[in-house]
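> This is a predicted model, with the sequence first.
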There are 2 protein chains.
Amino acid sequence: MESRLSLASFDSTGYQAVILTASVVCSISALDIFSQMLHKKVCVIGAGVAGLKAAHKLLTAPGTPLEANDVIILEAQDRLGGRIKTDTSSSKLGLCYDMGAAWLHDALTNSVLYSSIEDASFDVETDGYFNDKQPGLYARETTGKIDVAGLKLQQVVEDIEKFIEIHFSSSLDVPDVSLAQIVATYLEKNDRFLTDSQKALCGRMCRYLELWFGISQHDISGKYAVMSHQGRNLFNKKGFSFVIEKLAAQIKCDILKNEQVKHIQRDVAHKPYRHVVTTVAGTEIGADYLVVTVPQSILSLDATHPYGIDWSPPLPQNIQHALETIHFGALGKVIFEFDQIWWDAGEDGFTVLADAESESPPATREEEAAMFYPAI
Amino acid sequence: MESRLSLASFDSTGYQAVILTASVVCSISALDIFSQMLHKKVCVIGAGVAGLKAAHKLLTAPGTPLEANDVIILEAQDRLGGRIKTDTSSSKLGLCYDMGAAWLHDALTNSVLYSSIEDASFDVETDGYFNDKQPGLYARETTGKIDVAGLKLQQVVEDIEKFIEIHFSSSLDVPDVSLAQIVATYLEKNDRFLTDSQKALCGRMCRYLELWFGISQHDISGKYAVMSHQGRNLFNKKGFSFVIEKLAAQIKCDILKNEQVKHIQRDVAHKPYRHVVTTVAGTEIGADYLVVTVPQSILSLDATHPYGIDWSPPLPQNIQHALETIHFGALGKVIFEFDQIWWDAGEDGFTVLADAESESPPATREEEAAMFYPAI
């Protein structure tokens, strides 16, 4: 029997997935029945939302040649969900806290939102809240809320973003600089158009982008800093774990937990499978296809690292290089519960501006912007 | 002698110009010296900013073959400036009021602004004011200012604009509908995402676009409604007439006022000029090129109308059709002076929302949005 899998039907809309390896389907007529090794057509590594969604699509896409027994998912941790994790037990107030993803962003086009409304797993009125009220702005050097409207600060922040767009789109050859640098260029060029308050505060306000990228304004690409959101941001009050649970319940293939992948052998010859995956626990799986949804932070580790994966033969040089040089930002999230509401309960959140940077070296420790959201 | 004019060097950046006719330069070696007719290489019709700027460019562009005597400007009115007109005599407070253009829009890229700063004819601090503070919002059915921030209205207005962008850019085949209709579609589709206040007010808030286009939301193209401004809007406190005066002072050719063009003969054969322009006052001008900056409202008039222009031969059918079907919006501007400041002097302006439209026919007279700017 010769099976072919249509990769073109794979669609990870709305999910973050890293898919590295997919070789052609070979004949599985000569199964190595004497080995203890499990044979699968597809081995998905990682049971976060990317891995689960990939397996789900592979098993349910119209015309798929795959059945439950053809696919297996390996997960290093003892739980599903990866960076989606809803804490339902820590709150003394009975609230759910998402340790990872917490918003349904871009609500005009968010397919997770619309499919969850459709299957009634998410009720916008009960479970959602558009906490997009312009947050109150505070700074260390001032007392009380900054009068953003009266000082016309937002207009200048938007002007800076438009300036950035015009600057970098004026020609393909404009060299990229950091967000910090292009903002400084704007402030210098437009000095005569700005009030003292705008000069003092608007550059620092632009650092709200650090909260989106999870890295410093000195590392954010100026060229790609400004984002175009496809709609508002809907806060998910019930926690995101329902998405994982819903997905897992629909997946009929085996999902093995506590199976950290240690070794991946590629280009296996003279066998009915093209890859062999070996875990720390000793499980061996032969598979035609691999779908690797391991985080880049793990993929970039050396094989000798306890969490590193040993590829043999090694991944191509360009992929190795990419894995070592790209990186994802990280945002810290800290949750406090108070006995009393001491803040204005009508506010959706408040922002503390990063301090102005000292220009004279040695630079002071860089302050990052911070944003606070009262539980809703 | 054979002269050639480089039309490629013509640049009307920052000015609105309608340029209709430009034929090839023909030999001017056989001047019809017995006629009383004036012979010019270029006749510019209209001494508004477009006509003046065109003449200025023609006479000053590097390498131009034209000298002052080669160009003439005809103006129907007894003043220069067209729709730029600064009233300096009506105010009891000694203020200048622009009857037409009053803002330096898109301040990041406005070439008039930057050239006027450069030649010191405009001082941003003295002559300009960014009156872009979010105007207070009022509606007939409510008392006092609407709490735009607290009700999260602006977020939804921006969401509507993003929805419009996504809707019309999803494919080239999406049929255009009016602004009113696409906003209604958004409100219907997103009903469950909106609060009662957002439902009641945000559609009406979108009618601020009527103030940009000068036409009703039922006539504004939904597809092209949302504008991308290239920066902030700088209010011009000294009045725009300085731009006209500056330009006129630099133009060395003749500018004839009170010369309303009545007849334009094109494709003149066997003469050293290709056009003959005749005015109501009887002036006749032969010219190789015409630069017609007459407003579309005049160009679309029938030749029998007192202000209509008689073209012979008639303009090509497609141009006639375009002139009859395109139109420019018009905004009313009314200025009141009060003995006392009864409004909040810290505000840049306030907006009165158009009433909600009655859905049951016969429709009530349509209310338009209105915006008020205290003199600054």
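Received, thanks.
> which parts of the stretch 1-150 of chain A sit against chain B?
Within reach of chain B by CB under 8 Å from any CB of the partner chain, the stretch 1-150 of chain A has these residues: A:107-109, A:117, A:124-125, A:130, A:132-134, A:149-150. For the C-beta atoms, the positions are set from N, CA and C on the backbone; glycine is no exception.
> Widest-spaced pair of these?
A:117 and A:150 (39.2 Å; CB to CB).
> neighbour count winner among the two?
residue A:117 (17 against 12; other CB atoms under 10 Å in any protein chain shown).
> Would you tell me what helix or strand the more buried one is located in?
Secondary structure assignment for residue A:117, by DSSP states H and E: helix A:111-118.
> can you give me the mean pLDDT across the helix or strand encompassing residue A:351?
Assessed by DSSP H and E, residue A:351 sits inside strand A:350-352. Here strand A:350-352 scores 87 as its mean pLDDT.
> That strand packs against which elements?
Contact here means 3 or more CB pairs under 8 Å, 6 or more residues apart in numbering or on different chains; DSSP states H and E; on that basis strand A:350-352 packs against strand A:136-138, strand A:370-372.
> Lowest average pLDDT across the ones you listed?
Going by mean pLDDT, the lowest-scoring of the helices and strands packed on strand A:350-352 is strand A:370-372, which has a mean of 64.
> Where do the helices of chain A begin and end?
Residue ranges of the helices in chain A, as given by DSSP state H, are A:49-60, A:111-118, A:124-127, A:153-169, A:179-189, A:196-205, A:208-213, A:241-249, A:296-299, A:317-325.
> Out of the ones you listed, which is closest to residue B:302?
Across the helices of chain A, closest to residue B:302 is helix A:153-169 (CB to CB), at 43.6 Å.
> what's the closest one packed up against?
helix A:179-189, helix A:196-205.
> Put together CSV for those helices, with mean pLDDT, mean neighbour count and distance to chain B on each row.
Listed next are the helices and strands packed on helix A:153-169 as CSV, based on pLDDT from 0 to 100; neighbours: other CB atoms under 10 Å in any protein chain shown; distance: least, CB to the nearest CB, whole Å:
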stretch, mean pLDDT, mean neighbour count, distance to chain B
helix A:179-189, 97, 18, 9
helix A:196-205, 95, 19, 9
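> Go through these and name the closest to residue A:303.
So among the helices and strands packed on helix A:153-169, helix A:179-189 is nearest, using CB to CB, at 35.2 Å.
> Quick check: which helices or strands does the closest one pack against?
helix A:153-169, helix A:196-205.
> Between the ones you listed, which one is closest to residue A:78.
helix A:196-205 (42.6 Å).
> ok now do the residue nearest to residue A:289 when sequence neighbours are not counted, which residues does it touch?
Counting by CB to CB, 6 or more residues apart in numbering or on different chains, residue A:289 lies nearest to residue A:42, which is 4.4 Å off, once chain neighbours are set aside. Going by CB atoms under 8 Å, 6 or more residues apart in numbering or on different chains, residue A:42 touches A:5, A:55, A:58, A:66, A:70-72, A:287-291.
> Please repeat the previous calculation with a cut-off of 7 Å.
Taking CB atoms under 7 Å, 6 or more residues apart in numbering or on different chains, we find residue A:42 in contact with A:58, A:66, A:70-71, A:287-289, A:291.
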